[in-house]
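# Provided below for reference: sequence and predicted model.
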Amino acid sequence: MNLRFDETGFGDIGIYQAPEEFCYGVDAVLLADFASQGVNRRKAASCRIMDLGTGTGIVPLILSHKTKAGYIGCLEVQDHSFGLVQKNIAHNHLEERIIPFHGDVSCFGMETELAGTFDVVTTNPPYFIGGGGLESKNPAKAIARRETTGTLDDFLRLAAKLLRDRGDFYMVHRPDRLIDIAAGCRKYKLEPKELRFVSGKPMEKPNILLVHCVKHGNPELRVLPPLAVHNEDGSYTEEILNIYEKGI
């Protein structure tokens, strides 16, 4: 398996990826930025974060740059991706802040020492229901894109179990799963508090959804202003440049 090394642009953070399997995209960056805003409203140094389905660890890596959180756990089921998580943590000298776990969301986290110990849980789960979406011939891509090893319900159940009371849950998903997301979140007492729709260009149909929930939160939902990734001429919008720390 050939590896590619990329500079993320977030400080000195670099990442090893396997192009034949799966490389991170804008959705992971938006999730990390969205969650970082909530982390930084807390006592960030003492904040405990868990990222579910971490892939090669991009969300924890960005959070280590955008926040001062002292403990960032990350869970990954695929053997090769988990090896890359470990490699990326070591390359960036973050062994004392980012703690990797190898396991499946459907059966992880039942240990009493982890349940209810996290202030923030993040996830960029597979977007498509088992048979939905275009099927990839690459098993690693299939697992990352489709609910084969863990369903949306599994991710929500585990997030709720790991979070403290009034803990924050941040997820990036697809707008066409909104009803499933809202119903599942309430099932596990994760009250939706903020939604933000993301589109390729202004006025286009959104294709990314950012969700923020609070465990045992009061019912009150805010729909945040929409975000466009590109301007009409194809250039990046000012907000996207700021999120990527390419300020203009």
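Looks like it arrived, so ask away.
# can you report how many residues lie near Cys185?
Counted with other C-beta atoms under 10 Å, the burial measure for Cys185 works out to 23 neighbours. Bear in mind the C-beta positions are built from the backbone N, C-alpha and C, glycine included.
# Leu75 now?
Close neighbours of Leu75, defined as other C-beta under 10 Å, add up to 25.
# is it in contact with Ser106, as I believe?
No. With contact defined as C-beta atoms under 8 Å, Leu75 does not count as touching Ser106 (11.2 Å).
# right, and Lys205 touches Phe197 too?
No. No contact is recorded between Lys205 and Phe197 when judged using C-beta under 8 Å, the distance being 9.2 Å.
# who has more neighbours, these two?
When neighbours are counted by other C-beta under 10 Å, Lys205 and Phe197 differ, and Phe197 comes out ahead with 18 against 9.
# give the contact list for that one.
Applying C-beta atoms under 8 Å, 6 or more residues apart in numbering, one finds that Phe197 lies in contact with Pro175, Pro206, Ile208, Leu209, Leu210, Val223, Pro226, Leu227.
# specify which member of those is nearest to Arg157.
For Arg157, the closest of these turns out to be Leu209, at 19.6 Å, with distances computed as C-beta to C-beta.
# in space, what's closest to that closest one - neighbours in sequence excluded?
Nearest in space to Leu209, with sequence neighbours left out and distances taken as C-beta to C-beta, 6 or more residues apart in numbering, is Pro175 at 4.7 Å.
# then Val121?
Closest residue in space to Val121, ignoring its immediate chain neighbours: Ala159 at 4.3 Å, by C-beta to C-beta, 6+ apart.
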